[in-house]
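> Build me a model:
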Amino acid sequence: MTRLIIVIATLLSLLISCKNKDMSDAQIKTDNPLLGVFDTPYGVPPFDKIKNDHYKPAFEAAMEEHRKEIDVIADNTAAPDFENTIEAMDKAGSLLIRTSNIFYNLSGAHTNDTIKAIEEEMAPVLAKHYDYISLHEKLFSRVKSIYDNKTSLSLSEEEEKLLSDTYKSFVRNGALLNKKDKETISKINEELSTLTVKFGQNVMNEVNSFELVVDKKEDLKGLPDDVIAAAAETAKTSGKEGKWVFTLQNPSVMPFLQYAENRELRFKMWDAFRKKGQNGNANDNREAIKKLVNLRMQRARLLGYESHAHYVLEEKMAKNPDTANNLLNQLWNPVMSKAKQEEAEINTYIKKKVANSVQNPKTGGFMLKKSEKRNMILMKMKSNSILNLKTSTRVFLERLKNYGV
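Just a heads-up that it's a prediction; the model follows:
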């Protein structure tokens, strides 16, 4: 009897804990500002209410909603037409699109360790979700039926474009593959999504971890005042008030490479800039690049393309690598001619300033700016001379007229 009571009590405890868990999950969804209507001016996201813990549950709820919307379209017993299939698909997934837009804009501009972890965790999950749609046989069957009969439909130009893009998207994502190849491409997509996120995060980590601290005012020579002020503010923010901190963020690194006259510091900045992701540390991307290239090639070949370039360019203006290369070759000669001219000008300038030295990537930006500035001064002097000559000539001719000549 006692044993029976213990068993019943245990079962009741499990039921209560499950019920509490369900209530907790439901409460998260109910209280999650990402899942509700944005009652804000212009419908902007309520960032003051959104917390990091809201993103993962929002993604999961949005994917679940999207999947249900897709299943309803695929299981529709009515004959497939533009409205109940193509238009319905276009309208589906709005919550997932909104959640993704908010999250990925934030992760790209104002990230943190929690956001990075969520991004890494959700990448393969989202890839799998979109593969579920792209490789959905019943759904593709409906899309293909409409596409094959498009000439008999009275579609507008916009509707034809949407239909064509939808069909191509399915095909380019593997809808025509056999079952085994579909499984393979799905695994490739999951791995690509994880590697792509990791690659981006590694670059960001490299950028955010580097600081060039300048503590002598004379080392700032040549830099514009606004760049110096920004470096002082960065130093203050990072607890180094009274100094100047330069980073690998573009507004900091680019003007530093172009204007800073301290050659040693400029070289240090250039080396940090060019070695992002290849420093042999936790952020090294070299192995990731190899894997990305190989996986992209595998996917392209699986889909019937010669290379990843052929796969990507098919949807671009160039359409194929040959056209892109032809355009580059047409530009090559005139560009190289101009580049050699500028190189000669820069080398002439460098030799005047630095004995036995020539232009190289470390000095290119800085010396180019100096050379450009010198050329602009010369051009201005020449222009002023021409203008003065023209003015003098015009005055002289007017005076001749006055004398009847």
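> Going by secondary structure, the most centrally placed residue in the chain is in what exactly?
In the chain, the C-alpha nearest the mean C-alpha coordinate belongs to Gly108, at 7.9 Å (Cα atoms, centre = their mean). Secondary structure assignment for Gly108, by DSSP states H and E: helix 94-109.
> Residues contacting the helix or strand immediately after that helix in the chain, please?
Counting by DSSP H and E, the element after helix 94-109 in chain order, helix or strand, is helix 113-134. Residues outside helix 113-134 that contact it (Cβ atoms under 8 Å, 6 or more residues apart in numbering): 52, 55-56, 59, 63, 66-67, 70, 100, 103-104, 106-107, 111, 139, 169-170, 173-175, 185-186, 189-194, 196-198, 201. C-beta: built from backbone N, CA, C; applies to glycine.
> before we move on, back to that, next, the angle helix 113-134 makes with the helix holding Gly108.
Going by axes from the mean of the first three to the mean of the last three Cα atoms, to 10 degrees, helix 94-109 is angled at 140 degrees with respect to helix 113-134.
> And the strands in the stretch 101-250 of the chain?
With strands called from DSSP state E, counting those that start in this stretch, the stretch 101-250 of the chain shows them at 212-214, 244-246.
> Quick one: closest of those to Ala229.
Closest to Ala229 of the strands of the stretch 101-250 of the chain is strand 244-246 (Cβ to Cβ; 9.3 Å).
> partners of the closest one, with directions?
strand 212-214 (antiparallel) (DSSP bridges).
> which of the residues in the strand it pairs with are buried?
Within strand 212-214, the residues scored as buried using 16 or more other Cβ atoms under 10 Å are 212, 214.
> Would you mind identifying the helix or strand in this structure with the lowest mean pLDDT?
helix 2-31 (a mean of 42; mean pLDDT, DSSP states H and E).
> Contacts for the helix or strand following it, please.
Next helix or strand after helix 2-31 toward the C-terminus (DSSP H and E): helix 55-74. The contact list for helix 55-74 (Cβ under 8 Å, 6+ apart) reads 25, 28-29, 32, 34-35, 84-85, 88-89, 92-93, 95-96, 98-100, 103, 115, 118, 121-122, 125-126, 129, 132-133, 136, 138-139, 142.
> What distance do you get for the residue nearest to Leu95 when sequence neighbours are not counted to Leu192?
With sequence-adjacent residues excluded and distances taken as Cβ to Cβ, 6 or more residues apart in numbering, Leu95 is closest to Ala62, at 4.3 Å. Relative to Leu192, Ala62 is positioned 22 Å away (Cβ to Cβ, to the nearest Å).
> Over to Val245?
In terms of Cβ to Cβ, Val245 sits 36 Å off from Leu192.
> do Glu233 as well
39 Å.
> out of these two, which sits in the more crowded spot?
Taking other Cβ atoms under 10 Å, Glu233 and Leu192 do not tie; Leu192 has more neighbours (19 against 13).
> circling back to that earlier point, what's the neighbour count on the residue nearest to Leu95?
Neighbour tally, Ala62, other Cβ under 10 Å: 21.
> for the one 4 residues further on, same thing?
Using other Cβ under 10 Å as the criterion, His66 is surrounded by 20 other residues.
> per-residue confidence for it?
As predicted, His66 sits at a pLDDT of 97.
> Could you do the one 5 residues further on as well?
In the prediction, the pLDDT value recorded for Asp71 is 98.
> next one: Pro334
88.
> Could you check how far it is from Gln341?
In terms of Cβ to Cβ, Pro334 sits 11 Å off from Gln341.
> do Phe210 as well
34 Å.
> So between these two, which is more surrounded?
Phe210 (19 against 10).
> Spit out the contact partners of that one.
247-248, 272.
> if we take those, which one ends up nearest to Gly304?
Once Cβ to Cβ is applied, the member of these that ends up nearest Gly304 is Leu248, at 40.5 Å.
> surely the closest one meets Lys276?
Yes - assessed by Cβ atoms under 8 Å, Leu248 is found in contact with Lys276 at 6.9 Å.
> quick one: low-confidence ranges for the stretch 51-200 of the chain?
Nowhere does the stretch 51-200 of the chain drop to pLDDT under 70.
> Reformat the strands of the stretch 101-250 of the chain as TSV; add mean pLDDT.
TSV is the format used below for these (pLDDT from 0 to 100):
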stretch	mean pLDDT
strand 212-214	97
strand 244-246	97
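> what does the domain assignment say about the protein?
1-31, 33-175, 177-206+285-315, 210-271, 339-402 (automatic domain parsing).
> any chance of those in JSON lines, with distance to Thr323 too?
Output for these, formatted as JSON lines (distance: least, Cβ to Cβ, whole Å):
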{"stretch": "domain 1-31", "distance to Thr323": "49"}
{"stretch": "domain 33-175", "distance to Thr323": "19"}
{"stretch": "domain 177-206+285-315", "distance to Thr323": "8"}
{"stretch": "domain 210-271", "distance to Thr323": "31"}
{"stretch": "domain 339-402", "distance to Thr323": "24"}
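> And the ones you listed: which comes nearest Ala324?
Closest among those, using Cβ to Cβ: domain 177-206+285-315, at 6.3 Å.
> list the contacts for Ser145?
Contacts of Ser145 (Cβ under 8 Å, 6+ apart): Pro80.
> From Ala88, how far off is it?
From Ser145 to Ala88 the distance is 14 Å (Cβ to Cβ).
> Same check on Glu241?
Applying Cβ to Cβ to Glu241 and Ala88 gives a distance of 59 Å.
> How about Asn281?
49 Å.
> Settle it for me: which of those two has more neighbours?
In this view Asn281 and Ala88 are compared by other Cβ under 10 Å, and Ala88 has more residues nearby, 17 against 11.
> pretty sure Val203 contacts Lys276?
Yes - counting by Cβ under 8 Å, Lys276 is a contact partner of Val203 at 5.6 Å.
> Cheers, nothing more for now.
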